[in-house]
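1. need a 3D model of the following:
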Amino acid sequence: MNQTYDLESNFQEVEKGLSPREAIEEANRCLYCYDAPCINACPTGIDIPSFIKKIATGNLKGSAKTIMSSNPVGASCARVCPTEELCEGACVLNDSTKPIMIGNLQRYATDWAIHNESTLFQAGKQNGLKVAVVGSGPAGLSSARELARMGYEVSIFEAEHEAGGLNTFGIVSFRLPKSISYWEVQQVKSLGVEIHTNTKVGTDITAQDLLNRYDAVVLAVGMGKVPNLGIGGEELNDVYDAIELIKLTKKEPLPEFLIGKKVVVIGAGNTAIDGATCSVRLGAENVKILYRRTKSEMTAYDFEYEFAKQEGVEFRWLTSPVKIIGDENGNVTHIECVKMKLTEKGEDGRRRPIPIEGSEFTMKVDAVIKAIGHTRHQELIEAFELDHKYGVVQVSSSHQTSVEKVFACGDVTFGKGQGEAMVVTAAQQGKETAYAIHQYLTHTKKRIG
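-> Numbers count the residues shown, from 1 in each chain. All right, here's what the predicted structure looks like:
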């Protein structure tokens, strides 16, 4: 029991990296395909056979540079990418033996670069143009890095006290330690990119200020907090936002308010899984995920789901909360739920859940964690006067918004009802946005000059 409450060790990284011998053996299994399907399956287009061959020949810095040149958050993605659905899922060895452990090899190379404090890139020759990036998550960092490599003066504006966005604050430490995100941030800073933390656009600096001072603006603010469930009892003491809970586990000392508690998590996306596994490692006695649809409709990755089951998290499908019940002191004591059934498909392509009459039941719980998606930064979006649909910024194929000099990428452009965006997808969009800005500003200079 004491080990369960050793919270610090509970939040150490779960997966161990490959040893040098294991990495060499695995790298030598690769066929180094000429027309490698794994490259096409990677959203950032990493030259996977090339970085693996460099591992096999002992060129670890070259391997890390190959990875990071295509994916500016490649060290994080080595840990959080659903590789079995992407690169490893496309590996030609799936038909005969088992796929190359591409994610583990990517981690091996980038871990070497981190351990050796390698700086992999240099800024390009200054071109006299300035770009502001709002948000320092995967999309923001990626766009900033590529712009700096092309010679732009880049300033990032981050509302939090540390940079890194989702990778720093939104993914549990036992899957992605903050030190990995910090190194990726440092790679960007080493190119001369200024990062202004504790600076909220709309409060500390206005959208108009950025439009006036910079030649282009990248909006890469991701999504906001978890919305309300819309049921009674949400104001009680023991009702938490999953995102805020995960943030608390990134600080010291770790919170102790879930030790010995019965916890329910509402939702079945990756954030819900993180909220549930965090609860287990924060000492909760029992953790259940309640989801109003079935397993086939959940948006969490399969490996996240399997990990949660291994952690002892229980799943209650086709179950929706109706009301949170508390005592006279405002503490949660029960949650009232109703069983659901699925009907015809809705606009998002998923079958709509409706309650089954007379199926209500009550569960004894001590804490409720909300993880039903994210709100949008609508006020900020409207401050830039951008076209949007319910907070989803509308962009062209080149990530340009309705305001000519404003571009957007990452979760802020990710449509409702399409699951949760991947870190690797945000990184690729950040790169594409940088190239689009370069093309736009180059064309603008020629047009004016």
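
2. how deep is Gly62 tucked in, by neighbour count?
-> By the criterion of other C-beta atoms under 10 Å, Gly62 has 17 neighbours. Yep, even glycine has a C-beta here, placed from its N, CA and C like the rest.

3. isn't it up against Lys54?
-> Yes. Counting by C-beta atoms under 8 Å, Gly62 sits close enough to Lys54 to count as a contact (4.6 Å).

4. shared neighbours, the two?
-> Common contact partners of Gly62 and Lys54 (C-beta atoms under 8 Å, 6 or more residues apart in numbering): none.

5. any weak-confidence spans in this structure?
-> Along the chain, segments meeting pLDDT under 70 span 1-5, 416-421, 445-449.

6. find the nearest non-adjacent residue to Leu141, please.
-> Excluding the flanking residues, the one nearest Leu141 by C-beta to C-beta, 6 or more residues apart in numbering is Val188, at 5.3 Å.

7. what about the strands in the stretch 201-350 of the chain?
-> Under the criterion DSSP state E, counting those that start in this stretch, the stretch 201-350 of the chain contains strands at 216-219, 239-241, 262-266, 286-290, 314-316, 319-326, 332-345.

8. just checking: what are the partner strands of the longest one?
-> So that's strand 332-345. Here strand 332-345 has these sheet partners by DSSP bridges: strand 319-326 (antiparallel), strand 351-355 (antiparallel), strand 361-364 (antiparallel).

9. let's see the second one as CSV, backbone CA atoms only.
-> What follows is strand 351-355, C-alpha atoms only, in CSV (Å, rounded to 0.1, in the frame of the first residue of the first chain):
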residue,chain,number,x,y,z
ARG,A,351,-24.2,7.3,-33.9
ARG,A,352,-26.1,9.5,-31.5
PRO,A,353,-26.6,8.3,-27.9
ILE,A,354,-30.0,8.7,-26.3
PRO,A,355,-31.1,7.7,-22.7
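
10. what's next to it, contact-wise?
-> Residues outside strand 351-355 that contact it (C-beta under 8 Å, 6+ apart): 292-293, 297, 318, 320, 338-346.

11. deepest of the strands paired with strand 332-345, which one?
-> Counting by mean count of other C-beta atoms under 10 Å, strand 319-326 has the highest mean neighbour count of those, with a mean of 20.

12. how far off centre is it?
-> Centroid separation between strand 319-326 and its chain, computed with C-alpha atoms, centre = their mean, to the nearest Å, is 28 Å.

13. outline the domain layout of this protein.
-> Following the assignment in automatic domain parsing, the chain carries domains at 11-115, 130-224+375-448, 239-370.

14. Leu386: what secondary structure?
-> coil (DSSP: H, G, I helix; E, B strand; the rest coil).

15. next up, the contacts around it.
-> 219, 393-394, 401-403, 406, 408.

16. not counting its neighbours along the chain, what's nearest it?
-> Excluding the flanking residues, the one nearest Leu386 by C-beta to C-beta, 6+ apart is Thr401, at 4.7 Å.

17. what about that neighbour, how many residues nearby?
-> Number of residues near Thr401 (other C-beta under 10 Å) recorded here: 23.

18. distance of it relative to Ser155?
-> Applying C-beta to C-beta, to the nearest Å, the value for Thr401 to Ser155 is 19 Å.

19. for Gly74, same thing?
-> Where Ser155 is concerned, Gly74 sits at a distance of 24 Å (C-beta to C-beta).

20. between those two, who's got more neighbours?
-> A count of neighbours by other C-beta under 10 Å puts Gly74 above the other of Gly74 and Ser155, at 28 against 19.

21. find the nearest non-adjacent residue to the more buried one, please.
-> Among residues not flanking Gly74 along the chain, Ile67 sits closest, at 4.2 Å (C-beta to C-beta, 6+ apart).

22. pull the residues that contact the strand or helix carrying that neighbour.
-> Assigned by DSSP states H and E, Ile67 falls within helix 60-70. With contact meaning C-beta under 8 Å, 6+ apart, helix 60-70 is reached by 42, 44-47, 50-52, 54-55, 74-75, 78, 106, 108-110, 112-113, 116, 118, 120-121, 187.

23. drop anything exposed from those residues.
-> 42, 44, 46-47, 51-52, 54-55, 74-75, 78, 106, 108-110, 112-113, 118, 120-121, 187 (16 or more other C-beta atoms under 10 Å).

24. check contacts around the residue nearest to Leu386.
-> Each residue near Thr401 by C-beta under 8 Å, 6+ apart is listed here: 219, 384, 386-387, 393-395, 407-408.

25. buried stuff in the longest helix along the chain?
-> Using DSSP state H, we find that the single longest helix of the chain is helix 423-448. Neighbour counts over helix 423-448 (16+ other C-beta under 10 Å) mark 423-434, 436-438, 440-441 as buried.

26. just the angle between that helix and helix 60-70, please?
-> 60 degrees (axes from the mean of the first three to the mean of the last three C-alpha atoms, to 10 degrees).

27. which elements pack onto helix 423-448?
-> Under the contact definition 3 or more C-beta pairs under 8 Å, 6 or more residues apart in numbering; DSSP states H and E, helix 423-448 sits against helix 74-80, helix 138-149, strand 216-219, strand 406-408.

28. now do the helices in the stretch 101-250 of the chain.
-> 102-115, 138-149, 178-189, 207-213, 242-248 (DSSP state H, counting those that start in this stretch).

29. who does the first one touch, helix- and strand-wise?
-> Going back to what we said before, that points to helix 102-115. Using 3+ C-beta pairs under 8 Å, 6+ apart: helix 102-115 touches helix 20-27, helix 48-56, helix 60-70, helix 74-80, helix 87-90, helix 178-189.

30. if we can go back for a sec, would TSV of the strands of the stretch 201-350 of the chain with distance to Ala163 be doable?
-> What follows is the strands of the stretch 201-350 of the chain, written out as TSV (distance: least, C-beta to C-beta, whole Å):
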stretch	distance to Ala163
strand 216-219	14
strand 239-241	22
strand 262-266	28
strand 286-290	31
strand 314-316	35
strand 319-326	35
strand 332-345	35
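
31. tell me which of these sits most buried.
-> Per stretch, and counting mean count of other C-beta under 10 Å, the top mean among the strands of the stretch 201-350 of the chain goes to strand 216-219, which has a mean of 28.

32. in its sheet, what does that one sit against?
-> In its sheet, and by DSSP bridges, strand 216-219 pairs with strand 130-134 (parallel), strand 406-408 (parallel).

33. quick one, which of the ones you listed gets closest to Arg213.
-> strand 130-134 (7.2 Å; C-beta to C-beta).
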